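**Q** Give me a model of this one.
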Amino acid sequence: MSFFDSEIVQSEARQIFQDYQNLLQLGSNYGKFDREGKRLYIEQMENLLERYRIFVKRVELSDDFMAKLTYKQLETFLDRFGLTPQQMFDQMEQALARMKQEIEP
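**A** Numbers count the residues shown, from 1 in each chain. Down below sits the predicted model:
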């Protein structure tokens with residue numbers, strides 16, 4: 001069975017994408033959130049980031065041809081911005097850390 005034929009993989013990919021879309025939509029009102037709302041939003045983004053990191057690592061480590069191709073496409077896409085997957089995750093974490101600092105009293 002191919003990596004992406006797995007129901008578990010498909011389900012997690014769909015859920016990550018759906019959660020990301022929902023958080024982006026919610027985040028459009030981030031400036032209107034109170035401190036607690038911002039804290040909860042950041043926590044949800046951190047959770048999503050960790051789930052995405054694990055998913056990408058599973059793709060990277062897979063021996064499946066389609067998984068290897070998918071990971072290579074991610075690397076190629078990020079290379080256009082001068083980033084590696086690790087740098088992408090690092091920058092996302094740094095952005096969330098800055099957001100946390102901004103809401104600290």
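
**Q** what about residue 68, how many neighbours?
**A** Close neighbours of residue 68, defined as other Cβ atoms under 10 Å, add up to 15. For the C-beta atoms, the positions are set from N, CA and C on the backbone; glycine is no exception.

**Q** Other residues contacting whichever strand or helix holds it?
**A** Residue 68 is part of helix 65-79 when elements are defined by DSSP states H and E. By Cβ atoms under 8 Å, 6 or more residues apart in numbering, the residues outside helix 65-79 that reach it are 2-4, 56, 58-60, 62, 84-85, 87-88.

**Q** Let's see that with 7 Å instead.
**A** 2-4, 59-60, 62, 84-85, 88 (Cβ atoms under 7 Å, 6 or more residues apart in numbering).

**Q** and that helix, which residues are buried?
**A** Under the neighbour-count criterion of 16 or more other Cβ atoms under 10 Å, helix 65-79 has 67, 70-71, 74 buried.

**Q** Just name the closest of the residues you listed to residue 25, please.
**A** Ranked by distance to residue 25 (Cβ to Cβ), these are led by residue 74 at 23.7 Å.

**Q** Got the confidence number for that closest one?
**A** Note for residue 74: predicted pLDDT of 97.

**Q** Could you check how far it is from residue 55?
**A** If you measure residue 74 against residue 55 using Cβ to Cβ, to the nearest Å, the figure is 11 Å.

**Q** returning to that earlier point: select only the buried ones of the contacts of helix 65-79 in PyMOL?
**A** Selecting only the buried entries of the contacts of helix 65-79 in PyMOL, with 16+ other Cβ under 10 Å as the criterion:
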select buried, resi 3+59+62+85+88
